[in-house]
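Novice: model the structure of this input:
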Amino acid sequence: MKYFKLIHSGIDPKPFLDEIDSIEGAWANATGRQDKIKVQREALSIPLRGLRKSAIGGRKRRDVHESRWTGGSKLYPVARGFLKDFAQEQNSLLSRAKIVCLAAGKRVYPHIDRGDYYLLRNRFHLVLRSTQGSWLKAGDEEVRMAEGELWWFDNKQVHEAFNDGALDRIHMIFDLLPQEMADRVSATAA
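Specialist: Residues are numbered from 1 along each chain as shown. Next up, the predicted model:
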């Protein structure tokens, strides 16, 4: 496979799910994903890291490299710890991150993540809940990601997702900037 790579399996999703379940209204606190991004209108999200609005300065959102922890992310120490540890393991800088819920029968419509931000980063999915494997397609390849698996995939290809299971499908989706690309980002952010 060119567009998918299984990185780890056997990660226990329970601590992440317990953390989400402990927050009343966790999925209702941020609606930007479904309100502003048409292809993702059926997905709910909990933003953990987002772009720094103060750094936009005339650039399109997809070209803003700077990111920061969201105010609400402090409620998710398990998720934050995992993200920090994995970024360090990969010798990468942590960029944007969110926990995403796709209800049964819902989808993320075909799209490509375009812009300078995405061009330099690697995209990962950690599957926290999936009843029969999470279906994801990129380019001409399809996979079913199982609970507790961490996958890299090429989001620069046309990609889409569909929850054909009976329960909500929950993933932590995040981007890492390889350390060797950091200088290029500094040059474009100036």
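Novice: switch to C-alpha atoms for all contacts and neighbour counts from now on
Specialist: OK.
Novice: mind listing what residue 123 touches?
Specialist: 152, 153, 154, 155, 173, 174, 175, 176 (C-alpha atoms under 8 Å, 6 or more residues apart in numbering).
Novice: could you export these as a markdown table, including pLDDT, secondary structure and distance to residue 67?
Specialist: Converted to a markdown table, these look like this (pLDDT from 0 to 100; DSSP: H, G, I helix; E, B strand; the rest coil; distance: C-alpha to C-alpha, whole Å):
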| residue | pLDDT | secondary structure | distance to residue 67 |
| --- | --- | --- | --- |
| 152 | 98 | strand | 20 |
| 153 | 96 | strand | 21 |
| 154 | 96 | coil | 20 |
| 155 | 96 | coil | 19 |
| 173 | 97 | strand | 15 |
| 174 | 98 | strand | 12 |
| 175 | 96 | strand | 11 |
| 176 | 97 | strand | 11 |
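Novice: tabulate these (a markdown table), appending distance to residue 122.
Specialist: Shown next, in a markdown table, are the contacts of residue 123 (distance: C-alpha to C-alpha, whole Å):
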| residue | distance to residue 122 |
| --- | --- |
| 152 | 7 |
| 153 | 8 |
| 154 | 7 |
| 155 | 8 |
| 173 | 11 |
| 174 | 8 |
| 175 | 5 |
| 176 | 5 |
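Novice: so which of those comes closest to residue 45?
Specialist: The nearest member of those to residue 45, counting by C-alpha to C-alpha, is residue 173 at 9.8 Å.
Novice: of the contacts of residue 123, buried ones?
Specialist: 152, 153, 154, 155, 173, 174, 175, 176 (16 or more other C-alpha atoms under 10 Å).
Novice: for residue 21, see how far away the fifth one is.
Specialist: When distance is defined by C-alpha to C-alpha, to the nearest Å, residue 173 is 18 Å away from residue 21.
Novice: was I right about residue 1 contacting residue 142?
Specialist: No. Using C-alpha atoms under 8 Å, residue 1 is not in contact with residue 142, being 9.3 Å away.
Novice: this completes my enquiry, with thanks.
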